[in-house]
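Asker: requesting a structural model of the entry that follows:
(one chain, ligands or ions: 1)
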Amino acid sequence: MKIIIDTDPGQDDAVAILTALASPEIEVLGITAVAGNVPLDLTQKNARIVCELAGRTDIPVFAGARQPLKRPLVTAEHVHGRTGLDGPVLPDPTMPLQDRHAADFIVETLRREAPGTVTLVPIGPLTNIAMALMKAPDIAPKIARIVLMGGAYFEVGNITPAAEFNIYVDPEAAQTVFRSGVPITVMPLDVTHKAMVTGARNDAFRALGSPVGRAVAEMTDFFERFDKEKYGSDGAPLHDPCTVAWLLKPELFTGREINVEIECDSELTRGMTVADWWRITDRQVNALFIGDLDAEGFFELLTDRLGRL
Ligand SMILES: [Ca+2]
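Answerer: Here you go, the predicted structure:
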């Protein structure tokens with residue numbers, strides 16, 4: 001499975017990247033950074049920090065969009081800390097940032113590889129993916145699938161009462177992606193809020209005894225403070241790794257093939273994923289919208305994979 005991870009690390013992004021790099025079924029062709037949780041200068045740096053933590057300085061890392069297509073950037077330091085990767089102390093990266101723009105790398109890769117063999121895994125705002133699709137519409141039929149973290153239906157919102165962060169930051173980009181005709185798997189808050197790192201699950205990461213296990217446990221220690229306070233939960237949800245876990249073990253997840261549209265105009269509900277979960281309309285199905293997961297199986301998978309690094 002060849003994938004490109006598009007990301008705004010982010011502690012949970014880091015866990016998703018590490019899980020992919022640890023998995024022999026997956027070949028990471030490159031990592032593209034986008035502005036989101038923190039500004040681009042930090043997300044591209046964090047992506048390289050994570051590759052070096054995994055000992056994978058061979059992975060090319062590209063910087064992409066500095067801001068959303070049409071709006072000023074909204075960030076989430078209140079969740080992820082000043083650096084985006086607050087928690088563990090990790091060295092500055094020595095591996096280089098690639099020269100090309102992330103969107104150009106995505107376009108060139110999809111044109112080079114055999115059609116239907118490359119999956120895009122966006123786990124931040126969808127700006128880079130939309131830029132690639134707008135710049136080169138010919139790549140859309142070549143993309144095997146887009147497996148993204150974003151949106152919500154039953155859980156509604158986490159950055160506004162109506163919207164999830166990744167979609168809210170760049171709703172126009174999200175709309176471009178959802179209207180692209182590419183098969184999409186969506187990991188909304190409905191499922192990621194069930195991927196909860198309890199104390200025992202985080203202890204299992206720590207007990208791996210490796211630099212990766214310790215770093216993941218310390219990242220979770222940091223960002224769970226926010227969620228415990230906000231939701232009164234036993235730990236923090238590991239949003240982004242749901243994407244990689246679905247690629248590895250789709251049987252851990254259940255969802256529905258439905259239509260999903262993105263609200264771009266309303267001041268009140270901008271960035272809302274209007275998901276036709278109950279199939280009330282006859283709008284065309286454009287997404288597999290995941291609603292539930294086997295949390296025990298999910299954390300067993302993650303712990304197993306992270307233990308290989
Ligand atoms: Ca992210």
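
Asker: contact partners for T243?
Answerer: Counting by CB atoms under 8 Å, 6 or more residues apart in numbering, T243 makes contact with A16, V121, I123, V147, L148, M149, T185, M187. Glycine gets a C-beta too; all of them are placed from N, C-alpha and C.

Asker: excluding sequence neighbours, find me the nearest residue to G30.
Answerer: Spatial nearest neighbour of G30, chain neighbours left out: P60 (4.5 Å); criterion: CB to CB, 6 or more residues apart in numbering.

Asker: phi first, then psi, for the residue in the stretch 201-309 of the chain positioned nearest to the ion.
Answerer: Nearest residue of the stretch 201-309 of the chain to the ion, counting by CB to the ion: D240, 4.9 Å away. Torsion angles at D240 (phi, psi; degrees, to the nearest 10) stand at phi -60, psi -40.

Asker: I'd like the distance between H78 and F223.
Answerer: Counting by CB to CB, to the nearest Å, the gap from H78 to F223 is 10 Å.

Asker: ok, how many other residues are close to the closest residue to I184 other than its chain neighbours?
Answerer: Nearest residue to I184, sequence neighbours excluded (CB to CB, 6+ apart): A287, at 4.4 Å. For A287, the count of nearby residues is 26 (other CB atoms under 10 Å).

Asker: same question, G87
Answerer: Counted with other CB under 10 Å, G87 comes out at 20.

Asker: got a list of what it touches?
Answerer: Taking CB under 8 Å, 6+ apart as the test, what G87 contacts is Q11, G81, A215, E218, M219, T220, D221, F222, F223.

Asker: what helix or strand is the fifth one located in?
Answerer: Yep, that's M219 we're talking about. helix 211-231 (DSSP states H and E).

Asker: who touches that helix?
Answerer: Under CB under 8 Å, 6+ apart, the answer for helix 211-231 is 11-12, 14-15, 18, 53-54, 78-81, 85-88, 90, 193, 197, 202-203, 205-208, 233-238, 306-307, 309.

Asker: can you redo the contacts of G87 as CSV with distance to the ion, neighbour count and pLDDT?
Answerer: Below are these laid out as CSV (distance: CB to the ion, whole Å; neighbours: other CB atoms under 10 Å; pLDDT from 0 to 100):
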residue, distance to the ion, neighbour count, pLDDT
Q11, 9, 30, 94
G81, 14, 19, 88
A215, 17, 27, 96
E218, 18, 19, 94
M219, 13, 29, 93
T220, 15, 24, 92
D221, 18, 18, 89
F222, 15, 18, 88
F223, 11, 23, 81
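
Asker: which one of those is nearest T117?
Answerer: Q11 (30.3 Å; CB to CB).

Asker: surely the closest one touches L85?
Answerer: Yes. Using CB atoms under 8 Å, Q11 is in contact with L85, at 6.2 Å.

Asker: now G116, what's its secondary structure?
Answerer: Assigned by DSSP: H, G, I helix; E, B strand; the rest coil, the conformation of G116 is coil.

Asker: setting aside sequence neighbours, what's the nearest residue to the residue nearest to the spatial centre of the chain?
Answerer: What sits nearest the mean C-alpha location of the chain, by CA atoms, centre = their mean, is I123, with 1.6 Å. Spatial nearest neighbour of I123, chain neighbours left out: D240 (4.0 Å); criterion: CB to CB, 6+ apart.

Asker: what's the local residue count around that neighbour?
Answerer: 32.

Asker: hang on, it packs against A16?
Answerer: Yes. Using CB under 8 Å, D240 is in contact with A16, at 4.0 Å.

Asker: overlap in contacts of the two?
Answerer: Going by CB under 8 Å, 6+ apart, residues that sit against D240 and also against A16 are T7, I123.

Asker: F253 and P72: what is the separation?
Answerer: Using CB to CB, we find F253 at a distance of 34 Å from P72.

Asker: same deal with L238?
Answerer: Taken as CB to CB, the span from L238 to P72 is 29 Å.

Asker: ditto for P88
Answerer: For P88, the distance to P72 - CB to CB - is 30 Å.

Asker: got it, and C242?
Answerer: 28 Å.

Asker: many thanks, I have nothing further to ask.
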